[in-house]
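Undergrad: What follows is a predicted structure for the sequence shown.
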Amino acid sequence: GRIPSVDEAKGRVAIIGHSAGGWIGRVYLSQRDYGGRVYNGSELVHSIVTLGSPHIGAPGPAFSGVNWINREKHGLPENVRGLAVAGKGLLGKSSGQFTKNAYEFCLGGDGTSYDGDGVTPVESSLAMEGANCGKMVLEGTVTHFPWSDVFGGDLFAPDLARLHKEQKIPWYGSQEAVDQWIGWLKV
């Protein structure tokens, strides 16, 4: 496929990005060259919602895109509204080794001191900047992903898969989580 030109567009849309999809959506909005291309998506997008997306850069290649987009002069473009959404309730000290390691990977230091969705700490999920950027921490415990619903989830993140299955912890795409942030798009 191809991205339509602004002249071909029928209207502006919203981007909803989960996990890395949030910072990748921010790259799309930028007017700077990223990987040899300027997307200039802010001309086609009115809003961006990021769900459990890491917005704080860290060392290493996994965060090079986050570090790049965080160099935007004023955060989100002025003509784009943003909402950074975080899940909470999965503490680094009691949600298993995967969560502790993920939190350390995102923010450094001792992963046991952070709260978040099991992958992205609250602090990183809410760090998106911009003049028109809101922040929301979802009510109740919300996990990053429906670990027990996918093949291998119990191998990749065993503690989170067990919690998701046994305690029916919702993830960002569960109806009870969506109901908390979807109204923001309607404003």
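TA: Perfect, I can see it now. Numbers count the residues shown, from 1 in each chain.
Undergrad: As a check, name the ranges of all strands in this structure.
TA: For the chain, applying DSSP state E gives strands covering 13-18, 45-51, 81-88, 90-91, 115-116, 133-141.
Undergrad: Would you mind getting the angle between the longest one and strand 81-88?
TA: The directions of strand 133-141 and strand 81-88 differ by 30 degrees, with axes from the mean of the first three to the mean of the last three Cα atoms, to 10 degrees as the criterion.
Undergrad: Quick check: buried residues in strand 133-141?
TA: Using 16 or more other Cβ atoms under 10 Å as the test for burial, strand 133-141 gives Cys133, Gly134, Met136, Val137, Leu138, Thr141. All C-beta spots, glycine's among them, are computed from the backbone N, C-alpha and C.
Undergrad: quick one: the spatially closest residue to the first one that is not a sequence neighbour from Ser94, how far?
TA: Excluding the flanking residues, the one nearest Cys133 by Cβ to Cβ, 6 or more residues apart in numbering is Gly82, at 4.0 Å. With distances taken as Cβ to Cβ, to the nearest Å, Gly82 is found 31 Å from Ser94.
Undergrad: Compare these two (neighbour count), which wins?
TA: Gly82 (25 against 10; other Cβ atoms under 10 Å).
Undergrad: The residue most central in space within the chain: what's it in contact with?
TA: Among the residues of the chain, the one closest to the centroid is Ser53, at 1.8 Å (Cα atoms, centre = their mean). By Cβ atoms under 8 Å, 6 or more residues apart in numbering, the residues touching Ser53 are Gly17, His18, Ser19, Ala20, Gly21, Gly22, Trp23, Ala84, Thr120, Ser125, Met128.
Undergrad: Could you do Asn70 as well?
TA: So Asn70 contacts His55, Ile56, Gly57 (Cβ under 8 Å, 6+ apart).
Undergrad: let's see it at 10 Å
TA: Trp23, Arg26, His55, Ile56, Gly57, Phe63, Ala127, Met128, Glu129 (Cβ atoms under 10 Å, 6 or more residues apart in numbering).
Undergrad: Ser125 contacts Lys135, correct?
TA: Yes - the pair Ser125 / Lys135 is scored as a contact, 8.5 Å apart, by Cβ atoms under 10 Å.
Undergrad: Could you pull out the residues contacting both of these two?
TA: Ala84, Val85, Ala86.
Undergrad: residues near the nearest residue to the last one once chain neighbours are set aside, how many?
TA: Leaving out its chain neighbours, the residue that sits closest to Ala86 by Cβ to Cβ, 6+ apart is Ser125, at 3.5 Å. Ser125 has 31 neighbouring residues, counting by other Cβ under 10 Å.
Undergrad: Now stretch 175-187 - C-alpha only, PDB.
TA: Taking Å, rounded to 0.1, in the frame of the first residue of the first chain, the C-alpha atoms of stretch 175-187 are listed here in PDB:
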ATOM      1  CA  GLN A 175     -14.000  -3.500  27.300                       C
ATOM      2  CA  GLU A 176     -13.600  -2.300  31.000                       C
ATOM      3  CA  ALA A 177     -10.300  -0.600  30.100                       C
ATOM      4  CA  VAL A 178     -11.500   0.800  26.700                       C
ATOM      5  CA  ASP A 179     -14.600   2.300  28.400                       C
ATOM      6  CA  GLN A 180     -12.300   4.400  30.600                       C
ATOM      7  CA  TRP A 181     -10.400   6.200  27.700                       C
ATOM      8  CA  ILE A 182     -12.600   6.000  24.700                       C
ATOM      9  CA  GLY A 183     -14.700   9.000  25.800                       C
ATOM     10  CA  TRP A 184     -11.700  11.200  25.500                       C
ATOM     11  CA  LEU A 185     -11.800  10.800  21.700                       C
ATOM     12  CA  LYS A 186     -15.400  11.900  21.600                       C
ATOM     13  CA  VAL A 187     -14.700  15.300  23.200                       C
END
